[in-house]
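1. need a structure here:
(chains A and B)
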Amino acid sequence: EAGVVQSPRYKIIEKKQPVAFWCNPISGHNTLYWYRQNLGQGPELLIRYENEEAVDDSQLPKDRFSAERLKGVDSTLKIQPAELGDSAVYLCASSLTQDSYTEAFFGQGTRLTVV
Amino acid sequence: QKEVEQDPGPLSVPEGAIVSLNCTYSNSAFQYFMWYRQYSRKGPELLMYTYSSGNKEDGRFTAQVDKSSKYISLFIRDSQPSDSATYLCAMNTGFQKLVFGTGTRLLVSP
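-> Sure thing, here's the model as predicted:
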C-alpha cells in the first residue's frame, strides 16, 4: 500500500512568488495534517482536516497561507506571496480518526527554499 | 518556554552502546507519548507510543513515561549504525494535535 505522497520534493522560488504543495494521503484516512518543520526543529502543525473540514487552522498564517482539501482526499497548501522565512520542509500526514490516539503517517515532505 | 523540551544533540555513541533519549514537558494534560525516528530528508516514522505512565518494550527499544515528573525516555539497546537518525518525541492530549520536541540527532559509529 502506498504511503502519503507529496509533491514536489523540492522547490526553489524567489520571494514574493506563489508556491503550492500537493498531498495524497493514505487511502481511507479521513484526517489530514500539514506540518512545517524548520531546520533543527520539530514539526509544527499548520492545519488539520477531518474529511473536507478544517478543524484546526489556528497556526496557519492566513494572510499568506491557504489550504484546501477537495472531496476529503487530496490536499493542497499554498503560499502567496512567499517570504524568506517560509523556507522549511512542509510535511503532510494522514491518519484514521479514532476515539483517542491515532497514528499519523508522514510523507517525505516538500523542501521549500525561498531566495 | 516550549511545551516540550528536547536536547538537540548530536549524541555520538559507539556501536553496541545503550542510548538514552529524553524529553520534558510542561502540559499535564498530555496523555499519549510517542517517539518518531526521522532519517535525513525523510518524513518522521512512528517508533513507539505509550499511553499515560509506564514502560513499553519493542525489541531493542524501550519507552518510559513518568507523568509525575513530566519526563519521557527512549532507550535503545545494542545500538547500530542504522539507528543513526533524529529522534523526535511527540505528545498530545488525545485530541490528535501532536506537539513535537526539537529532535535529538543520534550518531552511532561502527
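2. In space, what's closest to B:Gly54 - neighbours in sequence excluded?
-> B:Val65 (6.1 Å; CB to CB, 6 or more residues apart in numbering or on different chains). For the C-beta atoms, the positions are set from N, CA and C on the backbone; glycine is no exception.
3. buried sites along whichever helix or strand the one you found is part of?
-> Element membership for B:Val65 (DSSP states H and E) is strand B:61-66. The neighbour-count check on strand B:61-66 (16 or more other CB atoms under 10 Å in any protein chain shown) flags B:Phe61, B:Thr62, B:Ala63, B:Gln64, B:Val65 as buried.
4. and chain B, which of its residues are near chain A?
-> Residues of chain B lying close to chain A (CB under 8 Å from any CB of the partner chain) are B:4, B:6, B:8, B:31-32, B:41-46, B:49, B:51, B:88, B:90, B:92, B:94, B:96-98, B:100-103.
5. which among those end up buried?
-> B:4, B:6, B:31-32, B:43-44, B:49, B:88, B:90, B:92, B:96, B:98, B:100-103.
6. Now do the buried residues in stretch B:7-24.
-> B:Leu11, B:Val13, B:Val19, B:Leu21, B:Asn22, B:Cys23, B:Thr24.
7. now, which of the residues you listed sits nearest chain A?
-> B:Cys23 (10.1 Å; CB to the nearest CB).
8. Spit out the contact partners of that closest one.
-> B:Val4, B:Glu5, B:Gln6, B:Tyr71, B:Ile72, B:Ser73, B:Cys89, B:Gly101 (CB atoms under 8 Å, 6 or more residues apart in numbering or on different chains).
9. Any idea how many residues pack against the second one?
-> Read it as B:Glu5. 15 (other CB atoms under 10 Å in any protein chain shown).
10. List the contacts of it.
-> Counted by CB under 8 Å, 6+ apart, B:Glu5 has contacts B:Cys23, B:Thr24, B:Tyr25, B:Gly101, B:Thr102.
11. Also the first one?
-> With contacts defined as CB under 8 Å, 6+ apart, the neighbours of B:Val4 are A:Gly42, B:Cys23, B:Thr24, B:Tyr25, B:Ser26, B:Cys89, B:Ala90, B:Met91, B:Val99, B:Phe100, B:Gly101.
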